[in-house]
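> Have a look at this prediction, sequence included:
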Amino acid sequence: MNKKAIRAAFPLTVPVMAGYLVLGMGFGILLQSKGYSFWWAGLMSLTIYAGSMQYVAVDLLSAGASLLSAALMTLILNARHLFYGLSMLEKYRPIHGGRKAYLIHGLTDETYSLVCSAKPPEGVEAGVFYFWISLLDQCYWLTGSVVGGLLGQVLPFDTTGIDFAMTALFVVIFTEQWLTRKNHLSAIIGLGVSAVCLVLFGPDNFLIPAMAGIALLLTVLRSHLKEKEADA
């Protein structure tokens, strides 16, 4: 079953591999430029495994930020995973044990996009199929991070602008989701609430209220959204 699941999962993850290897290398190079060895990049990619937060963590580490500051920044940046979790409740409910724990840990933006749209092949359990998608994606990111850290030690790099890579990736993910899904209500809710909170709270303080508002609306409209998705 594992071999069949890997054969089915790998082609789906190739686009993620292309992005994660490059972005992971950017993270490894950026971390090394702050004086951290390549193995730190590998360790962070194993345990934190959150691309945007790992990029921000480079600045937090180099600035000597407090644990409280790091915790608040992590909450702000990764609050979107609340929405991912809500939409994965039914899909992951039948999965149990360590495999389910890893699926929760490995639910990145790109993996979420794949798991939402991919269907397990005949004869393969959904949990096994989703596990290999998640594991392959993390392997790509881990490999890129370590390679970037190693390259940063032997080759000179100008790291200006590397930290913008994750922002560009999020734009691509949103565009891809918009083009491939017929029902855009969730995206419209996210854009609308974010725009309102940006006006009300300003660019420095809008993110947490926006995330809370989006989570509330998606929770209230969960049944309606599922019906719309089924109709689409």
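Perfect, thanks for sending it.
> Check what pLDDT residue 20 gets.
At residue 20 the predicted local distance difference test score is 91.
> distance of it from residue 27?
Note on residue 20: its distance to residue 27, by CB to CB, to the nearest Å, is 10 Å. No exception for glycine: its C-beta is placed from N, CA and C like everyone else's.
> What of residue 160?
From residue 160 across to residue 27, the span is 15 Å (CB to CB).
> Between these two, which is the more surrounded one?
When neighbours are counted by other CB atoms under 10 Å, residue 160 and residue 27 differ, and residue 27 comes out ahead with 28 against 7.
> residues in contact with the more buried one?
41, 45, 51, 54, 55, 58, 144, 145, 148 (CB atoms under 8 Å, 6 or more residues apart in numbering).
> which residues do residue 20 and residue 27 both contact?
With contacts taken as CB under 8 Å, 6+ apart, the residues that reach both residue 20 and residue 27 are residue 144.
> Show which residue of the chain lies farthest from the average position.
In the chain, residue 154 marks the outermost C-alpha relative to the chain mean, sitting 29.3 Å out by CA atoms, centre = their mean.
> so how far is residue 58 from that residue?
Look at residue 154 and residue 58: by CB to CB, they are 19 Å apart.
> same check, this time on residue 133
For residue 133, the distance to residue 58 (CB to CB) stands at 27 Å.
> give me every residue that touches the nearest residue to residue 148 once chain neighbours are set aside.
The shortest distance from residue 148 to any residue other than its chain neighbours is 2.5 Å, reached at residue 28 (CB to CB, 6 or more residues apart in numbering). With contact taken as CB under 8 Å, 6+ apart, residue 28 is in contact with 38, 41, 144, 145, 146, 147, 148, 149, 150, 151, 152.
> cutoff 7 Å now
Contacts for residue 28 were tallied using CB atoms under 7 Å, 6 or more residues apart in numbering; they are 38, 41, 144, 145, 146, 147, 148, 149, 152.
> likewise residue 191?
When contacts are taken as CB under 7 Å, 6+ apart, residue 191 is in contact with no other residue.
> Low-confidence ranges, this protein, go.
By pLDDT under 70, the weakly predicted segments of the chain are 1, 157, 159, 161-163, 165-166, 169-170, 173, 177, 225-232.
> the domain parsing of it - what is it?
2-160, 181-232 (automatic domain parsing).
> hmm, back to that, neighbour count winner among residue 133 and residue 58?
Remark: of residue 133 and residue 58, residue 133 carries more neighbours, 26 against 22, as counted by other CB under 10 Å.
> Return the set of buried residues in the longest helix anywhere in the chain.
With secondary structure taken from DSSP state H, the chain has its longest helix at helix 2-33. Neighbour-count burial for helix 2-33, counted by 16 or more other CB atoms under 10 Å, picks out 4-6, 8-9, 12-13, 16-17, 19-21, 23-33.
> Same check on stretch 49-66?
So stretch 49-66, judged by 16+ other CB under 10 Å, has buried residues 49-58, 60-61, 65.
> quick one: which two of the residues you listed are the most distant?
Spatially, the most separated pair among the buried residues of stretch 49-66 is 49 and 65, at 19.8 Å (CB to CB).
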